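[1] Turn this into a structure:
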Amino acid sequence: MVTGLLWSPWFIVALAQVKGVAGLQEADIGRGPLSFALKTIYAHYSFALGETILPWNLVALLGGIAFLAGWGSGLAVLISRSDSLAVWTGSFSFLSMGLSAGLTSSIITGVPFIAFANHILFAFPPFLLWLAAGISALRQRAFRWFTLGLLLASHVAGVLNYFTGREFHNPIYAVPTRDIVAQLAKETEPDDIVLAATDIGIDFYASRTSDWIAPILDTSDPQTVERLQDALPPRIWLFIFGRDRTREVTSTALQNFINDHCTLVEARGYVEQDSLLRSLKEWLFRRPAYQYKLSLYVYECPGGP
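    Predicted coordinates for the structure are as follows:
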């Protein structure tokens, strides 16, 4: 009861967070037992090894083996109840992970499994404490240090990948949007129009670039098509984010209008996705996976001014 009273002021914050994802369109494999399984498995991987090292990286394979050793030992401690801290942290972690995965696989289905761990970061600290208790419970001291060393090595590799922009599971954070906008400011003309969803960040950096001159329209705004119909520009610069969800950000009407009135003259890609990861996504989602996290398509429109 005391815990509930202390937590109650945060209910408004939690409600706002739920509303932020409750209205999203259903993600790929966002519902059902497979969604539940993928989210819980990926949350374990994210918490144990991070999200900037691919599973087939040799360091990640060794780190994964070490994690399984600590996970199994922690589960044994949890079942035997030989460590009160491990029981508390383990119970909280698994209960939080299970309830959240169940909620986002049944009622709130807009969270893709690749982003699930980011939505339950409150369970991360107790999960690490429980894992540490499991590693501490390993019988041989040398094996404990070896297990911990492999886990630390995988995290060091992940941090290095982070700062070099490699092996991002969700490479949205590796897209050099500021540099792209700076280059685009040199290439665009005042009569051109740039089309981009707001979450790509083109408008954010353009507003902070002194020599930016081209107008930017939101691809998800229905009025964008009407504006193009009223005044077709000589060139259109269309940005498309590669997404691990089915949510439409570039409307079909907008894409059809551009295809009917303009000619594609150039395509650029930024942050190429790992080929094996792309193949796995195509097998899992049963649809083509994006090659680049951000793609830019340049169209020339003969009917423009």
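[2] any idea how far residue 111 lies from residue 235?
    Applying Cβ to Cβ, to the nearest Å, the value for residue 111 to residue 235 is 37 Å. From N, CA and C alone the C-beta is placed, and that goes for glycine too.
[3] The two: which has the busier surroundings?
    Per other Cβ atoms under 10 Å, whichever of residue 111 and residue 235 has more neighbours is residue 111, with 25 against 20.
[4] Tell me which stretches of the stretch 151-300 of the chain form helices.
    Remark: helices assigned in the stretch 151-300 of the chain by DSSP state H, counting those that start in this stretch are 177-187, 202-206, 223-230, 252-261, 275-285.
[5] Check which element follows the helix-or-strand element of the chain with minimal mean pLDDT along the chain.
    When the helices and strands of the chain are compared on mean pLDDT, DSSP states H and E, helix 11-22 comes out lowest with a mean of 77. Using DSSP states H and E, the helix or strand that follows helix 11-22 in sequence is helix 33-49.
[6] what angle do the following helix or strand past that next one and helix 33-49 make?
    Counting by DSSP H and E, the element after helix 33-49 in chain order, helix or strand, is helix 58-80. Going by axes from the mean of the first three to the mean of the last three Cα atoms, to 10 degrees, helix 58-80 is angled at 100 degrees with respect to helix 33-49.
[7] Reformat the helices of the stretch 151-300 of the chain as a markdown table; add distance to residue 100, mean pLDDT and mean neighbour count.
    Converted to a markdown table, these look like this (distance: least, Cβ to Cβ, whole Å; pLDDT from 0 to 100; neighbours: other Cβ atoms under 10 Å):
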| stretch | distance to residue 100 | mean pLDDT | mean neighbour count |
| --- | --- | --- | --- |
| helix 177-187 | 30 | 93 | 15 |
| helix 202-206 | 30 | 93 | 19 |
| helix 223-230 | 36 | 87 | 14 |
| helix 252-261 | 33 | 87 | 14 |
| helix 275-285 | 21 | 88 | 13 |
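[8] could those go into TSV alongside distance to residue 152?
    Below are the helices of the stretch 151-300 of the chain laid out as TSV (distance: least, Cβ to Cβ, whole Å):
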stretch	distance to residue 152
helix 177-187	32
helix 202-206	36
helix 223-230	49
helix 252-261	47
helix 275-285	24
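[9] Please name whichever of those is nearest to residue 167.
    Comparing those against residue 167 with Cβ to Cβ, the closest turns out to be helix 275-285 (8.9 Å).
[10] in the sheet, who's paired with residue 236?
    Bridge pairing for residue 236 (DSSP bridges) gives the partners residue 193, residue 299.
[11] residue contacts, it?
    Listed by Cβ atoms under 8 Å, 6 or more residues apart in numbering, the contact partners of residue 236 are 192, 193, 194, 195, 228, 258, 262, 298, 299, 301.
[12] And it, how far from residue 68?
    51 Å.
[13] do residue 57 as well
    Counting by Cβ to Cβ, the gap from residue 57 to residue 68 is 16 Å.
[14] Neighbour count for these two, which is higher?
    Neighbour totals were compared for residue 57 and residue 68, and residue 57 leads with 18 against 13 (other Cβ under 10 Å).
[15] biggest separation within the contacts of residue 236, which pair?
    Most distant of the contacts of residue 236, by Cβ to Cβ, are 228 and 298, 15.3 Å apart.
[16] No more questions from me, cheers.
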